[in-house]
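S.K.: could you look at this predicted model? Sequence included:
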Amino acid sequence: MSEHVHAVNPEPDLVQLLTPEGQRVDHPDYPLDITDDEIAALYRDLVLVRRIDTEAIALQRQGELGLWASLLGQEAAQIGAGRALRRQDMAFPTYREHGVAWCRDVDPLTLLGLFRGTNLGGFDPREHNFNLYTIVIGAQTLHATGYAMGVVRDGAVGTGDPDRDTAVLAFFGDGASSQGDVNEAFVWSAAGNLPVVFFCQNNQWAISEPVERQSRVPLYQRASGFGFPGVRVDGNDVLASLAVTRKSLDDARNAQGPTLIEAFTYRMNPHTTNDDPRRYRLGNEAETWKLKDPIERVRAYLTREAAYDPSFFTDLEDEAKRVGEHLRSGCRALPDPTPESVFEHVHVTPTDDLREQRAEFVDFVSAVGA
């Protein structure tokens, strides 16, 4: 493993382990024992997730998707957090956590079905321990808190068994931090000392509303008012995101209660493909953040410090092309839902009334020739 330096972070309240120039630095509270090959694996995640995002945007522009919420610029926050999860942990996303979905082995093609209108997410949350995307802003934090209550009641926290103790990871954005649901989740998680980590991706903009109009203090400091710790991490640093989330999840599993992580990052693309950020932010703002690109800093480290062979990057680009082709061909082949599919997954065991409604609806559709 390459040597890294002991440096003083110019922003003391921001946890950083990899500078924008690709230099490893230490943090006294968040040591990270990681090999160069493991860093290369994180780089692969970052590159492939960005390719997924790029392909999805292109498909939306071609009329194949109704909408897409880009994660450009937020890959490091999501991959770092996602790779900190253990198999038994449960994650609750918003509608932008494509990187976390990748880490939980969700086929990105199934995500496209939601934005194409052919399914409600397309994957079984129980199989991946990754809940379906949540469109209602902030609602997933309450879902995560309720799940964490169940973890406590099942006795799956603080046992010392690494294969049993379970943590919950809830994602939301800076805009959602103003929602009542999020603050209510903070109250309940603190009162119950619940094993939940709240991961806020502060990408600076709640659609067109800048974060400074939502909070007079840094978002991570809000945690102290609810009685649990908060920490701000460089959200463009995959190593810092991994280290901070890993420790916070460990604390949760060990019955140390909740933590709020503020991943300080930037949304490089519009809020969604229906948004035009030129109406509310200056172009040079994005140009400044490009210098902090989460992928380029890891590539710089692997190239200069770890001296990775150029063939590694070439092979990865070939893999990214294959992922792109999988999405392009697979998206167009996604089957349209049948009319009666609206009745699926309403209940685990369908009720008699639901079966009767479904039968009547099928007969109606058949009669009108729809």
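M.R.: Looks like it came in fine.

S.K.: tell me where the stretch 201-350 of the chain has helices.
M.R.: 222-226, 238-253, 283-290, 294-300, 310-332 (DSSP state H, counting those that start in this stretch).

S.K.: out of those, which comes closest to Asp26?
M.R.: helix 238-253 (10.5 Å; Cβ to Cβ). The way it works is simple: take the backbone N, C-alpha and C, and place the C-beta from them, glycine included.

S.K.: what's the longest helix in this structure?
M.R.: Ranked by residue count under DSSP state H, the longest helix found in the chain is helix 36-61.

S.K.: quick one: that helix to chain centroid distance?
M.R.: Its chain's C-alpha centre and that of helix 36-61 lie 13 Å apart, by Cα atoms, centre = their mean, to the nearest Å.

S.K.: one more: stretch 190-205?
M.R.: Here stretch 190-205 is found 13 Å from its chain centre; the criterion is Cα atoms, centre = their mean.

S.K.: what's the answer for stretch 266-278, then?
M.R.: That offset, for stretch 266-278, works out to 17 Å (Cα atoms, centre = their mean).

S.K.: tell me the mean pLDDT over stretch 136-149?
M.R.: Averaged across stretch 136-149, pLDDT comes to 98.

S.K.: contacts for that stretch, please.
M.R.: 90, 92-94, 131, 134, 168-172, 175-176, 179-182, 184-185, 188-189, 192, 194-196, 198 (Cβ atoms under 8 Å, 6 or more residues apart in numbering).

S.K.: verify the stated contact: His98 with Ile52.
M.R.: Yes. Between His98 and Ile52 there is a contact under Cβ atoms under 8 Å: 6.0 Å.

S.K.: any residues in contact with both of these two?
M.R.: What both His98 and Ile52 touch, as defined by Cβ under 8 Å, 6+ apart, is the set Pro108.

S.K.: rewinding a little: and the helices of the stretch 201-350 of the chain: which comes nearest Gln23?
M.R.: Short answer: helix 294-300, nearest of these by Cβ to Cβ, at 8.2 Å.

S.K.: mind listing the strands for the stretch 1-150 of the chain?
M.R.: Taking DSSP state E, counting those that start in this stretch, the strands of the stretch 1-150 of the chain run over residues 14-15, 90-92.

S.K.: okay, those strands, which one's buried deepest?
M.R.: strand 90-92 (a mean of 27; mean count of other Cβ atoms under 10 Å).

S.K.: any stretches of the stretch 251-370 of the chain with poor pLDDT?
M.R.: Scanning the stretch 251-370 of the chain for pLDDT under 70 picks out 370.

S.K.: strands along the stretch 151-300 of the chain, start to end?
M.R.: 168-173, 196-202, 205-206, 209-210, 230-234, 259-264.
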